[in-house]
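*Asks:* just to be clear, the model below is a prediction. Sequence and coordinates:
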Amino acid sequence: MTIFSKIIRGEIPSHKVYEDEHVFAFLDISPLSRGHALVIPKEEKATLDELSDESAAAIGRVLPRICRAVMRATGATAYNVLQNNGAAAHQAVYHVHFHIIPKTADGRGLGIDWKSGKLEPDAGRDLAARIAELLAAGD
Ligand code: AMP
């Protein structure tokens, strides 16, 4: 169990912005920009790949709505949705969470270091086929 479960239960205070049967959302305590919010499933899973279809669907249903409200409340017109999995990917709290991070007029928001490579056709074909195979097998 993580600090986010305690937040859901109200044992630790938070600035809640949304709650339903499966989802809870609140303001990040160390915001990258004004309006930085976290959307979490009530289901206690560490990483997105572990999440049930039911929780995933519930988050997918409300995430755009919460993004719209955060944008309207802050006046931001651009934003990032970030979802970290694993320490190497900057995850600090091991309860699935989606960051909504407005890009504000003062230039604050998510900084991105995007070092892109090149997808070689043969390698891409093989990898896509492998992923598709796993998905078809129900993984
Ligand atoms: P991540 O690096 O993706 O695991 O992000 C975890 C986020 O949780 C960070 O942005 C923290 O600022 C945020 N956080 C940790 N504790 C709290 C808390 N008590 N209330 C609100 N946000 C929190």
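*Replies:* Thanks, I have it.
*Asks:* only C-alpha atoms for contact and neighbour calcs from this point on.
*Replies:* OK.
*Asks:* so N80 sits in a helix?
*Replies:* No. Counting by DSSP: H, G, I helix; E, B strand; the rest coil, N80 is not part of a helix but strand.
*Asks:* that one: neighbouring residues, count only.
*Replies:* 16 (other Cα atoms under 10 Å).
*Asks:* now do A57
*Replies:* Under the criterion other Cα under 10 Å, the count of neighbours that A57 has is 12.
*Asks:* do a quick rundown of the helices in the chain.
*Replies:* 3-8, 53-74, 121-136 (DSSP state H).
*Asks:* and the last one, how far out from the chain middle?
*Replies:* When you say that, I think you mean helix 121-136. Computed by Cα atoms, centre = their mean, to the nearest Å, the separation of helix 121-136 from the middle of its chain amounts to 25 Å.
*Asks:* could you do stretch 54-70 as well?
*Replies:* 10 Å.
*Asks:* make residue 1 into 40 and carry on from there
*Replies:* Sure, I'll start counting at 40 from here, so that last one is stretch 93-109.
*Asks:* one step back: deepest of the helices of the chain, which one?
*Replies:* helix 42-47 (a mean of 17; mean count of other Cα atoms under 10 Å).
*Asks:* anything in that one near the ligand?
*Replies:* No. Counting by Cα under 6 Å from any ligand atom, the ligand is not contacted by helix 42-47; separation bottoms out at 6.5 Å.
*Asks:* can you give me the mean pLDDT across that helix?
*Replies:* The average pLDDT within helix 42-47 is 98.
*Asks:* which residues touch that helix?
*Replies:* Residues outside helix 42-47 that contact it (Cα atoms under 8 Å, 6 or more residues apart in numbering): I51, P52, S53, F63, K81, E83, V132, H134.
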